[in-house]
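Participant: Following is a predicted model, sequence given first.
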Amino acid sequence: MSVRRCIALFGGSFDPPHHGHVALVRYFATLLAPDELHIVPAGQPWQKTELQTPAAHRVAMARLAFANLAVPVAIDEQEVRRSGPTYTIDTLRAVRAEAGPEASVAFLMGADQLQKLHTWKDWQQLFSLAHLCVASRPGFAFDDAHLPPEVARECARRAAGAEQIRNSPAGLMFLANGLHVDLSATGVRAALKEGRTAAGMLPDAVLDYARQHHLYET
């Protein structure tokens, strides 16, 4: 049994946080059994257009969405407090500085993000700070044929299992094929705007919050 502290991080716009987000986090929480899970709402992601929903609402919805997990959850607001575009490399540097060199830091992501990993700022330096744990997503394969060559090479040479992730500080990749939830925040927002039911897309508490605050209605 490892005594190494393990911190898992999951970032996103959470506009709004939906069942796909929660399923990914639950999936890796079961596989990695982290000591703590940091949910990191984005400030202004540099690869996205300006977010329409204020950060305070997205933080509040994230707090509701991830409230009932089997691991300790912290809502990490460092990105929404940061001015200008937000980059994962800066977030991981801050987490590593706080956690120290020996902790296992696992950054969780979906396969859609892996396909464009090579476009992230200082992407190869991510591995000096954390492991990357990638969950399958319908429509986004992570075999060599669907990945940029430089990303595929890193996947091949850094491939590891959950135990290796849990027992080392950084530098490995865990590609997990067991998740098959097909949801997007874009689709959820469209359903809410059009008045279609979103009950099967969002945690009940998040749906109630969005309705109470009239989010996504226009």
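Facilitator: Received, thanks. Note that the structure is predicted; figures quoted are calculated from it, not measured.
Participant: residues near residue 154, how many?
Facilitator: Using other Cβ atoms under 10 Å, residue 154 has 21 other residues around it. In short, each C-beta sits where N, CA and C put it, glycine included.
Participant: scratch that, residue 112
Facilitator: The tally of other residues near residue 112 (other Cβ under 10 Å) stands at 15.
Participant: before we move on, what about residue 159?
Facilitator: Counted with other Cβ under 10 Å, residue 159 comes out at 12.
Participant: beta partners of it?
Facilitator: Beta-bridge pairing of residue 159, defined through DSSP bridges, involves residue 173.
Participant: List the contacts of it.
Facilitator: 172-175 (Cβ atoms under 8 Å, 6 or more residues apart in numbering).
Participant: Could you report the pLDDT at it?
Facilitator: Looking at residue 159, its pLDDT reads 96.
Participant: what helices or strands is the top helix by length along the chain leaning on?
Facilitator: The residue-count maximum for a helix in the chain (DSSP state H) belongs to helix 19-32. Judged by 3 or more Cβ pairs under 8 Å, 6 or more residues apart in numbering; DSSP states H and E, helix 19-32 is in contact with strand 6-12, strand 36-41, strand 104-110, strand 131-135, helix 162-166, strand 173-176.
Participant: Pull it out as PDB, backbone CA atoms only.
Facilitator: Taking Å, rounded to 0.1, in the frame of the first residue of the first chain, the C-alpha atoms of helix 19-32 are listed here in PDB:
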ATOM      1  CA  HIS A  19     -22.800  14.100 -15.800                       C
ATOM      2  CA  GLY A  20     -19.800  13.500 -18.200                       C
ATOM      3  CA  HIS A  21     -17.500  15.500 -16.000                       C
ATOM      4  CA  VAL A  22     -18.700  13.700 -12.800                       C
ATOM      5  CA  ALA A  23     -18.400  10.300 -14.500                       C
ATOM      6  CA  LEU A  24     -14.800  11.000 -15.500                       C
ATOM      7  CA  VAL A  25     -13.900  12.100 -12.000                       C
ATOM      8  CA  ARG A  26     -15.600   9.100 -10.300                       C
ATOM      9  CA  TYR A  27     -13.900   6.800 -12.700                       C
ATOM     10  CA  PHE A  28     -10.400   8.000 -11.900                       C
ATOM     11  CA  ALA A  29     -11.200   8.300  -8.200                       C
ATOM     12  CA  THR A  30     -12.000   4.600  -8.200                       C
ATOM     13  CA  LEU A  31      -8.800   3.700 -10.200                       C
ATOM     14  CA  LEU A  32      -6.300   6.000  -8.400                       C
END
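Participant: any idea of the mean pLDDT in it?
Facilitator: Mean predicted lDDT for helix 19-32 stands at 94.
Participant: Over to stretch 68-84?
Facilitator: The model assigns stretch 68-84 a mean pLDDT of 92.
Participant: now the residue sitting furthest away from the middle of the chain: how far from residue 218?
Facilitator: The C-alpha centroid of the chain is most remote from residue 195, which lies 27.6 Å away (Cα atoms, centre = their mean). Using Cβ to Cβ, to the nearest Å, we find residue 195 at a distance of 11 Å from residue 218.
Participant: All good on my end, thank you.
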